[in-house]
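>>> Curious how this folds, go ahead:
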Amino acid sequence: GRARRPVPVPAGDGPPEPAASPAGGPGSAGSPQGVTPPGRAWLAYAPYVTIVAVFAVSQVPAVKRLLDAGTLAVSWPGLHVLTAAGTPSPLSTFRFAWLAAPGSLLLVAGLVTMALLRVSPREAGRLYGRTLYELRWAVLTVVGLLALSFTMNASGQIATLGVWMAGAGTLFAVLAPVLGWLGVALTGSDTSSNSLFGALQVAAAQRAGLDPVLLAAANASGGTLGKMISLQNLTIAAAAVGLSGREGDLFRRMFGWSVLLLALMCLLVGLQATPLLSWMVP
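Alright, predicted model coming up:
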């Protein structure tokens, strides 16, 4: 029946005190637990803001002229290609815009982002190498398709296919986005799809009496809807969020939405080929 004496708790055995986080990090003084301070949150947008700024500056007339001055034009040796009119084809001239190329501008944006985010050159090199490894098959696919599109354009195959597809008449306007959709779904690149099917769309449009601008835009617009089901893009997206091996799940969830949006795009392009919405085409 005697009262129990309280047992003293040795120092250090009680609940641990919350550790102080680095300045500005989660859990730091003046910042609620788990909430990123606004200053650090804005840094997440730094890469995108930098890309927009670099590309905007590159379009300033004075800067653009300076960048274009570095373009190298070389006649490809051993390649003698003529157009249908019998004149030398411009495809035999290789233009290397090593300053004005989008890849060069993205590299500049990456260097600026490194400075803003205080990323060391060693860490940046490691991340660049890992990204290049993840994109290795996508890069080879894009390069291969660009080579294929060059060959098909130079040999006249694209023009021949365009004449054949123009037999669909005005109905081809409805089917034009499907070509871009299939091209990006298979290659993962809107650039590759436009290179492969862009000239075909223009040739078919001219033959069928349709607006070439409309069908070229339809190819690019349809291609953007194929991005969500492209195997290359699904692989990269799954790896980025730690869902490697579940690309099939992502594909099944996105396929229906992609087809639905494609159907709406086909309807829109079909209406734009008629007097009802032709005013939308510049």
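>>> how far does the longest helix seen in the chain sit from the chain's center?
As far as residue count goes, and with DSSP state H defining each element, the longest helix of the chain is helix 247-272. Using C-alpha atoms, centre = their mean, to the nearest Å, the mean C-alpha position of helix 247-272 is found 18 Å from that of the whole chain.
>>> what's the answer for stretch 178-195, then?
Averaged C-alpha coordinates place stretch 178-195 at 11 Å from its chain's average position (C-alpha atoms, centre = their mean).
>>> L277 contacts L271, doesn't it?
Yes. With contact taken as C-beta atoms under 8 Å, L277 and L271 are classed as touching, separated by 4.4 Å. C-betas here are computed from N, CA, C, even on glycine.
>>> beta partners of F94?
V74 (DSSP bridges).
>>> Count the residues that sit near it.
By other C-beta atoms under 10 Å, the residues close to F94 number 12.
>>> Do I have it right that it meets T71?
No. Between F94 and T71 no contact is recorded; they are 10.7 Å apart, counting by C-beta under 8 Å.
>>> show me the contacts for D249.
With contacts taken as C-beta atoms under 8 Å, 6 or more residues apart in numbering, D249 has the following neighbours: L243.
>>> actually V184, not the one I typed
V184 sits next to 190, 192-193, 222-227, 230 when contact means C-beta under 8 Å, 6+ apart.
>>> Check A154 too.
Going by C-beta under 8 Å, 6+ apart, A154 touches 81, 89, 91.
>>> Any figure for the gap between the second one and L79?
When you say that, I think you mean S89. As for S89, its distance to L79 is 9 Å (criterion: C-beta to C-beta, to the nearest Å).
>>> What segments of the stretch 51-200 of the chain are strands?
Using DSSP state E, counting those that start in this stretch, the strands of the stretch 51-200 of the chain run over 72-75, 93-96.
>>> taking these together, which one is wrapped up most tightly?
Using mean count of other C-beta atoms under 10 Å, the stretch among these with the largest mean neighbour count is strand 93-96, at a mean of 12.
>>> CA atoms only for that one - export them in PDB, please.
Listed in PDB are the C-alpha atoms of strand 93-96, where the atom choice follows Å, rounded to 0.1, in the frame of the first residue of the first chain:
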ATOM      1  CA  THR A  93      23.900  19.800 -98.700                       C
ATOM      2  CA  PHE A  94      24.500  19.100 -95.000                       C
ATOM      3  CA  ARG A  95      23.900  22.100 -92.700                       C
ATOM      4  CA  PHE A  96      25.400  21.900 -89.200                       C
END
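>>> and that strand, what does it pack onto?
Using 3 or more C-beta pairs under 8 Å, 6 or more residues apart in numbering; DSSP states H and E as the contact test, the elements touching strand 93-96 are strand 72-75.
>>> what does the strand it packs on rub up against?
Contacts of strand 72-75 with the rest of the structure, by C-beta under 8 Å, 6+ apart, involve 92-96, 98.
>>> same check, this time on stretch 259-266
Where contact means C-beta under 8 Å, 6+ apart, the residues beyond stretch 259-266 that reach it are 174-178, 181, 218, 221-222, 225-226.
>>> Kindly recompute the last result at 10 Å.
Applying C-beta atoms under 10 Å, 6 or more residues apart in numbering, the set of residues contacting stretch 259-266 from outside is 173-178, 180-182, 185, 218, 221-222, 224-226, 228-229.
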